[in-house]
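Asks: Return a 3D structure for these sequence lines:
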Amino acid sequence: MRSRDEYLRNLDGLRDQIVFCSWAGTNALSPQRAMALLSVTMRIGVPVVCVTPGNLMDWQHPDQPFHPAYEFLSATHRADYLRTYFMHHYGGGYTDIKQTLRPWRGFFERLQAHPGHDGLGYTEISPRGVAPVPGPMGDELRANYQKLIGLCAFIYRKHSPFTTAWLAATHALLDAKLDALRTHPARHPQDQTGVMFEGGERSQYPIAWTEMLGNVFHPLVLQMHERILHDEIAPSFTQYR
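Replies: Below you'll find the model as predicted:
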């Protein structure tokens, strides 16, 4: 029997057609989220790994530990981090816990058949779906939204040029924020810079809502859009909370 470490070192989620999802907080799933998770496991048509605080360490790569900032992140930003980490080190699919509309096997097969491409996702739905990156870059992203893919469901090759750049940028952000995160760790699952707590106190948590995922991911997709396939892999965006 192979050891866990050997299994993780050799895991290729694209080859083995594995989809990751995560519930990174300790709060319970709402009934809508529970039904969405059921739809993922029932409809996606390939093995699904749902990572939770209870099994998180089972999925830490033996040679690549999670960033030390992880423990200080909000549940939302932990989920943002995990999709980046899993897509780089293991590859395969990632989906938010939202209603899944169709099987994914054909999407895996399409990316497998295009070795010059790093990933596959759904075309971003509109300029409003683009991360609110400030300045000229944000204007360029919104003008070219049809070249972008969305954040909620995709498939990637592990150790690809895209995932390498994506994880490096994410780790650089967390390196820069680590001291502030230690001082002001997340206080609720959706904490973000400047949000108001009950009683009128303003959060000093140092990461904005889209800063760690969309603000990193969308500029990279635009820069490397010729390496990304588009397909009908989007989940449902209604009634998931």
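Asks: Give me the phi and psi for the residue nearest to E211 when sequence neighbours are not counted.
Replies: Distances taken as Cβ to Cβ, 6 or more residues apart in numbering put L173 closest to E211, at 7.1 Å, once the chain neighbours are dropped. C-beta here means a position set from N, CA and C on the backbone, and glycine is covered the same way. When read as degrees, to the nearest 10, the backbone of L173 gives phi -60, psi -50.
Asks: And the one 5 residues further on, by the same measure?
Replies: Listed backbone geometry of L178 is phi -60, psi -50, with angles given as degrees, to the nearest 10.
Asks: Which pLDDT value belongs to it?
Replies: If you check L178, the pLDDT there is 98.
Asks: same check, this time on the one 4 residues further on
Replies: The model reports R182 with a pLDDT of 98.
Asks: what packs against whichever strand or helix holds it?
Replies: Under the criterion of DSSP states H and E, R182 resides in helix 161-183. Contacts of helix 161-183 with other secondary structure elements, assessed using 3 or more Cβ pairs under 8 Å, 6 or more residues apart in numbering; DSSP states H and E, are made with helix 75-89, helix 214-223.
Asks: all helices of the chain, in order?
Replies: In the chain, the segments counted as helices under DSSP state H are 4-10, 13-16, 31-43, 75-89, 105-112, 135-143, 161-183, 214-223.
Asks: Buried deepest among these, which one?
Replies: Taking mean count of other Cβ atoms under 10 Å as the contact definition, the stretch among these with the greatest mean neighbour count is helix 75-89, which reaches a mean of 24.
Asks: still on that earlier bit, pretty sure the residue nearest to E211 is touching M212, no?
Replies: Yes: counting by Cβ atoms under 8 Å, a contact exists between L173 and M212, whose distance comes to 6.1 Å.
Asks: top strand in this protein by residue count?
Replies: Looking only at the chain and at elements set by DSSP state E, the strand with the highest residue count is strand 149-156.
Asks: Strand partners (parallel or antiparallel) of it?
Replies: The strands beside strand 149-156 in its sheet (DSSP bridges) come out as strand 92-95 (antiparallel), strand 119-123 (antiparallel).
Asks: mean confidence for that strand?
Replies: Mean predicted lDDT for strand 149-156 stands at 97.
Asks: List the contacts of E140.
Replies: Taking Cβ atoms under 8 Å, 6 or more residues apart in numbering, we find E140 in contact with L222.
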